[in-house]
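K.L.:
Below is the sequence, then the predicted model.
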Amino acid sequence: MVLPRCFYIRSDVVAIARELLGKTLYSQVDGILTGGIITETEAYAGITDRASHAWNGRRTERTEIMYGAGGTAYIYLCYGVHSLFNVVTNRKEIPHAVLVRAIQPVEGMAAILERLGKKKYDNRITSGPGKVTKALGIHYSQTGADLTKKPSGLQENAIWIEDRKFDLSEYRLEVTPRIGVSYAGKDAGLPFRFLLHIK
DNA sequence: CGGCCGATCCACT
DNA sequence: GTGGATCGGCCGA
């Protein structure tokens, strides 16, 4: 089942970040289907969150997509090198988002290895937000993509998220502060990062 | 318009 | 453990 708009437009971005664990993120780029189970996320809570690009109501051409209704992608360039993929949540004018930091590949492994320049799979090659987008062929130019639409044909490029009822009983949930946000003052310590670990 | 810096990654020591 | 890559976005002048 493709996650519907109503999953995303809810108001609790921290709950959505937690619930995205175990869902499957797919991309279809140039006719190649790749996907993985989401295993690490971080919540960014909009204008009151100093770690968010929308902190204090900051609203620019880049961040505009976060001010639209949830269920779209906010993808931006980090360190001049890496595209970072976020899920926009909440209703119009509330700029919440969830950063996807790690996946476990389940579809298109050969293409994923090729894109990452790896010969063999190990469970770290798609651990890290820059590596997730590289593996899935996601580029910051795709910011604004509608995540609720599965492509109808191979020629259509798309990014979407499905609930494949992945069994999480063999995993435990870890909750920690977010990574790389030491500039965020008191918000740097918020428990907004969620990870799955094998038991 | 100039300058600083980042929700990172990898090679190298 | 550390430092360099790399460049668009943002802010202040």
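P.N.:
Arrived safely.
K.L.:
make it CA atoms for all contacts and neighbour counts henceforth
P.N.:
Fine.
K.L.:
Just want the phi and psi numbers for whichever residue of chain A sits closest to DNA strand C.
P.N.:
Chain A approaches DNA strand C most closely through residue A:80 (3.3 Å), counting by Cα to the nearest atom of the strand. When read as degrees, to the nearest 10, the backbone of residue A:80 gives phi 70, psi 10.
K.L.:
got the phi/psi numbers for the residue nearest to the spatial centre of chain A?
P.N.:
Ranked by distance to the mean C-alpha position of chain A (Cα atoms, centre = their mean), the top residue is residue A:100 at 2.9 Å. Backbone geometry at residue A:100, expressed as degrees, to the nearest 10, gives phi -90, psi 120.
K.L.:
how near is it to residue A:176?
P.N.:
As judged by Cα to Cα, to the nearest Å, residue A:100 and residue A:176 stand 15 Å apart.
K.L.:
same question, residue A:79
P.N.:
Plainly put, residue A:79 is 23 Å away from residue A:176 if you go by Cα to Cα.
K.L.:
more crowded one of these two?
P.N.:
Between residue A:79 and residue A:176, residue A:176 has the larger neighbour count (other Cα atoms under 10 Å), namely 13 against 6.
K.L.:
What sits closest to the residue lying farthest from the centre of chain A if chain neighbours are left out?
P.N.:
Largest separation from the mean C-alpha position in chain A: residue A:119, at 25.1 Å (Cα atoms, centre = their mean). Leaving aside its sequence neighbours, residue A:119 sits nearest to residue A:113 (Cα to Cα, 6 or more residues apart in numbering; 6.4 Å).
K.L.:
isn't there a strand covering the one you found?
P.N.:
No - the assignment for residue A:113, made by DSSP: H, G, I helix; E, B strand; the rest coil, is helix rather than a strand.
K.L.:
count of neighbours near it?
P.N.:
Residue A:113: 18 surrounding residues under other Cα under 10 Å.
K.L.:
If you drop the residues flanking it in sequence, what lies closest to residue A:26?
P.N.:
Closest residue to residue A:26 apart from its sequence neighbours, by Cα to Cα, 6+ apart: residue A:35 at 4.1 Å.
K.L.:
and that neighbour, what is it in contact with?
P.N.:
Contacts for residue A:35 (Cα atoms under 8 Å, 6 or more residues apart in numbering) come out as A:24-27, A:105-108, A:136.
K.L.:
so it sits in a strand?
P.N.:
Yes - remark: residue A:35 belongs to a strand, assigned using three-state DSSP.
K.L.:
what pLDDT does it get?
P.N.:
According to the prediction, residue A:35 has pLDDT 98.
K.L.:
do the one 3 residues further on as well
P.N.:
Predicted confidence (pLDDT) for residue A:38: 98.
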